[in-house]
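Peer 1: heads up, no residue letters with this:
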């Protein structure tokens, strides 16, 4: 028995409330260490009515088994411990660790406790997120609908992007392409910033309450939201609250009035007078990590986003600034009926601010979606008091490492996916924004060296995984591009230049995702049908989706459910028991796939347990 592998923590993502009376309990053990795990639980005030239920091993890999169960107590109070059965021997796991015997009379001393479920502590996400497919738009590069709005020096549409050139994309252009998005099957649009700014990316905001005049007017935006809603689409925006622009009114006041400015505490000012020397990319990358120190003095007299002097960092610990930014979030919901926010650089902003932001935004619209930009583990922000979900860059990296970079094998990929699912609650997982690429990353097709078959496999994962699938504009037509600015090329509207195979597959995947309830609400289980294949199920009520991925250069045959009749092939090569090289197959079963027959063997969920 590997005692070090056993892990549980109450009031965490290992024990969390899903309703006023229900708790999800998880336990981690070493791989194949126990034959059976039983949860013993009850109300501590009536412990003599305790119950025993067997836990299900929901995920497994070469490192760990993960067990989970949902339990109910009318009293909303939970006390519990675990019975671990190994080769006929029973071990008990409590807050005191592994013990040989249980003193039931001393349960209050060393059993795990979830003292009480308070309704206001529940993590509640908008119901509408479960069946949607999201499309990310970078407004400056999506469509030029009104050339009269073009800023001076606008270059020809489709010119190679740089960090500071303009192509003329605007709000009228997005409005003109809503029909395209509807036909594609999109029902959520996420737009990067369109607020007044001097840059093409608009992440250096001058005025949070005004639309950049080169993008259009508030009337244009109202038309966009109203038409999108008419098509059944939600719209959510990008909140840039970590930093502003040097032309932001408050920062200008600090520059002019220095210590007398009433806004000086809105920023992290190190010294006066403020020197706004612009630091170039070359300067940052050409010297040592101490490039910003010259003659013992810091080059910048204020903190900023990274070291980009054009974006001074906002001090969101300041109560007055908190109120200002929260009013920004409320304004665009109240005046234009937007459906939520994606929060830029959200993990560098105070938790206190985000708690206050969530309370006030959700009070205005309880169904507003709040998504944080977090590239690493977002769990501290995903406990129900701050964000609904986060951008799932962990999934992006795992997919790229296995399918594009070839630096992890199938089993390590599985380990990485399991860790992603187990480091958050099921509620938070359902609200993660799953993506292959974005305005901040290399295009996935470029990462894959333009292998369209591998691209389709990767898209298949995003559209069948737990969470909200998101596609970055142009990914559906096979656009390529290196990291910024290469990933911010103009959308190609000449369909003769599209990758039709990728486009048609994306349309199919979107329809599958939209139609299938097992992909909206279903659990996730690995299935072993062949040592070379990545295979998993999503099951809900009386239906299951089976996803098979062959990331090898050879076709593979397998003997799967040869006597099974209630099966529909949603995507695949139409050969039931084989899959082509670099192939994706999606099957639908009209009964729960609690188990599958493969090569005459009963294969269950993760492949080993009853």
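Peer 2: Ah, there it is. The structure presented is a predicted model; accordingly, all values stated were derived computationally and were not measured.
Peer 1: what sits against residue 333?
Peer 2: Applying Cβ atoms under 8 Å, 6 or more residues apart in numbering, we find residue 333 in contact with 339-340, 361, 364-365, 368. C-beta here means a position set from N, CA and C on the backbone, and glycine is covered the same way.
Peer 1: redo that, cut-off 7 Å
Peer 2: By Cβ atoms under 7 Å, 6 or more residues apart in numbering, the residues touching residue 333 are 361, 364-365, 368.
Peer 1: what's the burial count for residue 272?
Peer 2: Close neighbours of residue 272, defined as other Cβ atoms under 10 Å, add up to 16.
Peer 1: roughly how far apart are the closest residue to it other than its chain neighbours and residue 271?
Peer 2: With sequence-adjacent residues excluded and distances taken as Cβ to Cβ, 6 or more residues apart in numbering, residue 272 is closest to residue 258, at 4.4 Å. As judged by Cβ to Cβ, to the nearest Å, residue 258 and residue 271 stand 10 Å apart.
Peer 1: residue 115 now?
Peer 2: In this view, residue 115 and residue 271 are 49 Å apart by Cβ to Cβ.
Peer 1: buried stuff in the single longest helix found in the chain?
Peer 2: Secondary structure of the chain read by DSSP state H shows that its longest helix is helix 319-336. Across helix 319-336, burial judged by 16 or more other Cβ atoms under 10 Å covers 321-322, 324-326, 328-330, 332-333.
Peer 1: which element follows it toward the C-terminus?
Peer 2: Sequence-wise, the next helix or strand downstream of helix 319-336 (DSSP states H and E) is strand 340-343.
Peer 1: so what does that following strand touch, helix or strand wise?
Peer 2: For strand 340-343, the elements it packs on are strand 234-239, strand 369-372, judged by 3 or more Cβ pairs under 7 Å, 6 or more residues apart in numbering; DSSP states H and E.
Peer 1: mind putting those into JSON lines with mean neighbour count, mean pLDDT and distance to residue 98?
Peer 2: Output for the helices and strands packed on strand 340-343, formatted as JSON lines (neighbours: other Cβ atoms under 10 Å; pLDDT from 0 to 100; distance: least, Cβ to Cβ, whole Å):
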{"stretch": "strand 234-239", "mean neighbour count": "23", "mean pLDDT": "98", "distance to residue 98": "46"}
{"stretch": "strand 369-372", "mean neighbour count": "26", "mean pLDDT": "98", "distance to residue 98": "37"}
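Peer 1: adding distance to residue 48 as columns, could you present those strands in TSV?
Peer 2: Formatted as TSV, these follow (distance: least, Cβ to Cβ, whole Å):
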stretch	distance to residue 48
strand 234-239	50
strand 369-372	43
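Peer 1: how close does residue 221 sit to residue 164?
Peer 2: 24 Å.
Peer 1: the helices in the stretch 51-200 of the chain, which residues?
Peer 2: 107-110, 171-176, 178-184 (DSSP state H, counting those that start in this stretch).
Peer 1: what's in contact with the first one?
Peer 2: Counting contacts by Cβ under 7 Å, 6+ apart, the residues outside helix 107-110 that touch it are 44, 47, 79, 94-96.
Peer 1: pick the one among the residues you listed closest to residue 458.
Peer 2: Residue 458 has its nearest neighbour among these in residue 95, at 42.0 Å by Cβ to Cβ.
Peer 1: number of residues surrounding that closest one?
Peer 2: By other Cβ under 10 Å, 13 other residues sit near residue 95.
Peer 1: might you report the residue contacts of it?
Peer 2: Contacts of residue 95 (Cβ under 7 Å, 6+ apart): 110-112.
Peer 1: now do residue 217
Peer 2: residue 211.
Peer 1: the same query, at a cut-off of 10 Å, please.
Peer 2: 149, 171-172, 210-211, 223 (Cβ atoms under 10 Å, 6 or more residues apart in numbering).
Peer 1: where does residue 357 fall, secondary structure wise?
Peer 2: Secondary structure from DSSP H and E places residue 357 in helix 351-364.
Peer 1: name the residues of that helix that are buried.
Peer 2: For helix 351-364, burial by neighbour count (16+ other Cβ under 10 Å) applies to 353-354, 356-358, 361.
Peer 1: just stretch 576-593 next, same as before
Peer 2: Within stretch 576-593, the residues that count as buried by 16+ other Cβ under 10 Å are 576, 578-579, 582-589, 592-593.
Peer 1: same deal with stretch 83-97?
Peer 2: 83-84, 91-94.
Peer 1: again, but for stretch 238-257
Peer 2: 238-248, 250-251, 253-255.
Peer 1: so which of those comes closest to residue 203?
Peer 2: residue 240 (5.4 Å).
Peer 1: let's see which of the buried residues of stretch 238-257 end up in strands.
Peer 2: 238-239 (DSSP state E).
Peer 1: could you list the low-confidence segments of the stretch 151-300 of the chain?
Peer 2: Residues of the stretch 151-300 of the chain meeting the criterion pLDDT under 70: 277-298.
Peer 1: could you redo the last one with a cut-off of 90?
Peer 2: Low-confidence regions of the stretch 151-300 of the chain, defined by pLDDT under 90, span residues 275-300.
Peer 1: same question for the stretch 401-550 of the chain.
Peer 2: Ranges of the stretch 401-550 of the chain meeting pLDDT under 90: 527-529, 541-544.
Peer 1: could I get the full set of helices for it?
Peer 2: Counting by DSSP H, counting those that start in this stretch, the helices of the stretch 401-550 of the chain are 410-422, 426-430, 444-447, 452-464, 500-515, 517-521.
Peer 1: nearest to residue 201, out of the ones you listed?
Peer 2: For the helices of the stretch 401-550 of the chain, the distance to residue 201 is smallest for helix 444-447, at 19.5 Å, taking Cβ to Cβ.
Peer 1: residues in contact with that closest one?
Peer 2: With Cβ under 10 Å, 6+ apart as the test, helix 444-447 has contacts from 396, 399-400, 403-405, 435-438, 441, 451-452, 454-455, 458-459, 462, 472, 474-475, 477-483, 486-487, 499, 502.
Peer 1: how does it look with 7 Å?
Peer 2: For helix 444-447, contacts defined as Cβ under 7 Å, 6+ apart pick out 400, 404, 436-437, 455, 458, 475, 478, 480-482.
Peer 1: same deal with stretch 176-190?
Peer 2: 132-137, 143, 145, 227-228, 231-236, 342, 470, 476, 507, 510-511, 514.
Peer 1: any of those residues buried? List them.
Peer 2: Listed as buried from the contacts of stretch 176-190 are 132-137, 143, 145, 227-228, 233-236, 342, 470, 476, 510, 514; burial here means 16+ other Cβ under 10 Å.
Peer 1: buried stuff in stretch 302-313?
Peer 2: 302-305, 308-313.
Peer 1: perfect, I'm done here.
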